[in-house]
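**Q** everything below, folded, please.
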Amino acid sequence: MTTITICTTCRRQAARDDRTLPPDGEAFLVRVTEAAAAHPGLQVRGTPCLMGCEHGCNAAVSAAGRMTYVLGRFEGTPEDAAALADYAALHAENDGGLVPFRQWPQGVKGHFVARVPPLDP
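**A** Sure, this is the predicted structure:
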């Protein structure tokens, strides 16, 4: 099972200084959950702070025995959510979570922040 973890405390640059507004990550979590429903085998969860404040909205795509990818710089739109869910579905289908560049949805290109190798079994 591939899990998409969304930072619920993320704020886009434009909203970072106005703490009267809710975090952008909360709405992004809802949008990603809706988009992921179209892909069996995906799980979505929220967490407070992925420590990528300069890259908000942030997400991590992970699964046991597979590469973990951290993505950011999303606006949190429904289109961003759909692209992230589509990428996570490809992550789930590919050995080791390695999705060839030519298969990446356009909406995730330029959003990768880090790649973390899987832990040893």
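**Q** what number of residues lie near the closest residue in space to residue 77 that isn't next to it in sequence?
**A** Closest residue in space to residue 77, ignoring its immediate chain neighbours: residue 31 at 7.4 Å, by C-beta to C-beta, 6 or more residues apart in numbering. Just so you know, the C-beta spots here come from the backbone N, C-alpha and C atoms, and that holds for glycine as well. For residue 31, the count of nearby residues is 22 (other C-beta atoms under 10 Å).
**Q** so what touches stretch 27-44?
**A** Applying C-beta atoms under 8 Å, 6 or more residues apart in numbering, the external contacts of stretch 27-44 come out as 1-6, 8, 10, 46, 57, 59, 74, 76-78, 80-82, 84-86, 88-89, 92.
**Q** same thing but at 7 Å, please
**A** 1-4, 6, 8, 46, 57, 74, 76, 78, 81-82, 84-85, 88-89, 92 (C-beta atoms under 7 Å, 6 or more residues apart in numbering).
**Q** any idea which helix or strand carries the residue nearest to residue 77?
**A** helix 24-36 (DSSP states H and E).
**Q** going by neighbour count, which residues of that helix are buried?
**A** Neighbour-count burial for helix 24-36, with 16 or more other C-beta atoms under 10 Å as criterion, is recorded at 24-33, 35-36.
**Q** assign the residue in the chain sticking out farthest from the centre to helix, strand or coil.
**A** In the chain, the residue that sits farthest from the middle, by C-alpha atoms, centre = their mean, is residue 20; the gap is 24.7 Å. State at residue 20, reduced to three classes by DSSP: H, G, I helix; E, B strand; the rest coil: coil.
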